[in-house]
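Asks: Generate a structure from the sequence data that follows.
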Amino acid sequence: MDLSAALSIAGSGLSNINAQLALVSHNVANASTPSYSVESLSQQDLTAGGYGMGVVTGPATRTVDTELQSELMNQNATVAELTTTQTALSSIDAVNGTPGQGSDLASLLGGLEDQFSTLLNDPDDATQQSQVVASATTLAQGINTLSNTYTAQRQTAENNIVSEVNTINQTLGTIGSLSDQIIAAQAAGQSTADLENQRDAQVASLSQLISVNTLVQPNGDMLITTSSGTELPTHGPANPLSTSGANLEPGSYYPGGGVPAIMLGGVDVTDQLQGGSLGANITLRDSTLPTYQGELDEFAQNLASRFSAQGLDLFTDASGNVPAGGGSPAQSGYVGFASEIQVNPAVQSDPSLVTDGTDAIAGSSTGASAFTPNPTDGPAGFTTLITRVLDYTFGADVQAGVAQPASNTTGLGPAGNLNAPYQSQPTLADTATALVGAESSDSATATSQLDTAQTLQGTLQSKLTSETGVNMDTEMSDMIALQNAYGANAKVMSTVQAMFDQLLDAVTG
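Replies: Numbers count the residues shown, from 1 in each chain. As a prediction, this is how the structure comes out:
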């Protein structure tokens, strides 16, 4: 081997070591960067005529476990979905209160029943009559608060949907831009490792908004689809997804009821956007919370109508009317009633009506028995209405031997497409317990599932980091080896330089 060849080998070695040291530094600097996969340099021996001539340094490449990466993305979507759901349901839990502690629906109803029981002992006691009205007002306000909480949480979900659609559009645009750069770099034989890591970070962010699948194309481009198979474009016109904001009311519903769809290329894709925080907010807005509203509207209407059936219009709307059932859909006449139910203005003005009654009842073999209100000059100590309320309004029968009309638990809501998860209950107390219990169960399930999902997410993240992330011990070990190799190559070059000097001295001397 001549001196020139030795110098070439040592020079290429130093160049390769410098590149590898720079990459080690780059890896260490990105050790804590999310979605960063460790990069390495490819290298190939350079030979000529069977003799070594040094080393050729190739572009940086990544170490990626695509299957594990995909599992983590799916788990990111699950955790984000459950987190969003759990946050919304926890707010409702707080309003529902703890059963038996006084602020929950069943306790408020029980408090009203207790006030009627006390009134039965002295039906002409004006103070106790006012206490009945006050307890009824507290119950109505509790129903209002719960209904308003549903609406507020739906509005939050709607606002979040608009924001998340905008973020998804921006993220898709960024992924498309990075893909364009990757395609160009790959075609030119340049390293695409950094660009791919940046793109993976964007995909990881996207996976928290919506459940997606990815497929890298041979030219370096990336195809992105929803979990249902709808392709999300990363190239072409900006903002491929579109929606609009709306002020939601209890009677708003999707589709066609004032709740805007999410469109892609002129097609409604709302139901195809699942998982992640966006999928959770769509479910909350269009299914979970409207169902809760339908259940509470049913309870409110049953409450008002069961009092009215016995001759006391205690609960009404602001105009003093008790909404009738029997519509099509089933709740068409009282959608949103829970948000406006109140104590009848007439009863508020004259609390004695809780003893005397407000309306005559003709009586029916399938409904309540006949009742005549106590007239203004009627006898003192009138207990007929109070007894009817205690026996039948709060009971399972509308009169002796005749069951209360069944509550609607299917076909709920303004579109009649929502169903409660429980069967019709015989008493108002049973319905209140079932309603709150179902909602509490939903919240508890979301919390439990979130804990499990976060544990799995952490396990997958740790495994992916272990397999494809930056290992500081390995990088430090590589750096020491490279430093030693650098010293060896530098020694070769200095030795060759000395030999050249000696040869030059011999020639010129």
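Asks: Scan this structure for its longest helix.
Replies: For the chain, the helix that runs over the most residues, judged by DSSP state H, is helix 126-187.
Asks: Mind listing what's buried along the helix or strand that that one is followed by?
Replies: Downstream of helix 126-187, the next assigned helix or strand under DSSP states H and E is helix 193-209. In terms of neighbour count (16 or more other CB atoms under 10 Å), helix 193-209 has its buried residues at 193-203, 205-209. (Each C-beta comes from the backbone N, C-alpha and C, glycine too.)
Asks: Then stretch 289-303?
Replies: The neighbour-count check on stretch 289-303 (16+ other CB under 10 Å) flags 289-303 as buried.
Asks: Of those, which is the nearest to Glu249?
Replies: Taking CB to CB as the measure, Glu249 lies nearest Gln293 of these, at 9.9 Å.
Asks: Identify the residues contacting that closest one.
Replies: For Gln293, the contact set (CB atoms under 8 Å, 6 or more residues apart in numbering) comprises 147, 150-151, 250, 336, 338, 413.
Asks: and the longest helix of the chain, how far out from the chain's middle?
Replies: Centre-to-centre, helix 126-187 and its host chain are 9 Å apart (CA atoms, centre = their mean, to the nearest Å).
Asks: That helix to helix 193-209, inter-axis angle?
Replies: Angle, helix 126-187 to helix 193-209, by axes from the mean of the first three to the mean of the last three CA atoms, to 10 degrees: 160 degrees.
Asks: For the spatially closest residue to Asp268 that is not a sequence neighbour, grab phi and psi.
Replies: Distance criterion CB to CB, 6 or more residues apart in numbering; nearest residue to Asp268, sequence neighbours excluded, is Ala261 at 4.3 Å. When quoted as degrees, to the nearest 10, the phi and psi of Ala261 stand at phi -80, psi 170.
Asks: Tell me if I'm right that Ala261 and Ser244 touch.
Replies: No: between Ala261 and Ser244 there is no contact under CB atoms under 8 Å: 9.2 Å.
Asks: Give me the more crowded residue out of the two.
Replies: Using other CB atoms under 10 Å, the more surrounded residue of Ala261 and Ser244 is Ala261, with 16 against 11.
Asks: Identify each buried residue in stretch 436-443, please.
Replies: 436, 439-440, 442-443.
Asks: Of the residues you listed, which belong to helices?
Replies: Using DSSP H, the subset of the buried residues of stretch 436-443 located in helices is 436, 439-440, 442-443.
Asks: Tell me the one of those nearest Asp430?
Replies: Lowest distance from Asp430 to those (CB to CB) belongs to Val436, with 11.3 Å.
Asks: what's that closest one in contact with, if anything?
Replies: So Val436 contacts 96, 99, 104-106 (CB under 8 Å, 6+ apart).
Asks: among these, who's most crowded?
Replies: Leu105 (25 neighbours).
Asks: Check the gap between it and Thr431 for me.
Replies: Using CB to CB, to the nearest Å, Leu105 is found at 9 Å from Thr431.
Asks: Could you look up the SS state of Ile224?
Replies: Three-state call for Ile224 (DSSP: H, G, I helix; E, B strand; the rest coil): strand.
Asks: Spatially nearest residue to it (excluding sequence neighbours)?
Replies: In space, Ile224 is closest to Leu232, 4.7 Å off (CB to CB, 6+ apart).
Asks: now Arg306
Replies: Once flanking residues are discounted, Arg306 sits nearest to Thr393: 4.7 Å by CB to CB, 6+ apart.
Asks: Look at that neighbour and say how many residues are nearby.
Replies: Neighbours around Thr393, by other CB under 10 Å: 26.
Asks: Could you do Leu82 as well?
Replies: Neighbours of Leu82 under the rule other CB under 10 Å: 22.
Asks: distance of it from Asp451?
Replies: Leu82 is 9 Å from Asp451, by CB to CB.
Asks: and stretch 67-82, which residues are buried?
Replies: Quick answer for stretch 67-82 (16+ other CB under 10 Å): 68-82.
Asks: Return that stretch as PDB; C-alpha atoms alone will do.
Replies: C-alpha atoms of stretch 67-82 as PDB (Å, rounded to 0.1, in the frame of the first residue of the first chain):
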ATOM      1  CA  GLU A  67     -46.000  -2.300  14.100                       C
ATOM      2  CA  LEU A  68     -45.300  -1.100  17.700                       C
ATOM      3  CA  GLN A  69     -45.600   2.500  16.500                       C
ATOM      4  CA  SER A  70     -49.000   1.800  15.100                       C
ATOM      5  CA  GLU A  71     -50.200   0.100  18.300                       C
ATOM      6  CA  LEU A  72     -49.100   3.200  20.300                       C
ATOM      7  CA  MET A  73     -50.900   5.500  17.900                       C
ATOM      8  CA  ASN A  74     -54.100   3.500  18.400                       C
ATOM      9  CA  GLN A  75     -53.700   3.600  22.100                       C
ATOM     10  CA  ASN A  76     -53.100   7.400  22.000                       C
ATOM     11  CA  ALA A  77     -56.500   7.700  20.300                       C
ATOM     12  CA  THR A  78     -58.100   5.500  23.000                       C
ATOM     13  CA  VAL A  79     -56.600   7.500  25.900                       C
ATOM     14  CA  ALA A  80     -57.600  10.800  24.400                       C
ATOM     15  CA  GLU A  81     -61.100   9.600  23.700                       C
ATOM     16  CA  LEU A  82     -61.600   8.300  27.300                       C
END
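Asks: Since that was my last question, I'll sign off now.
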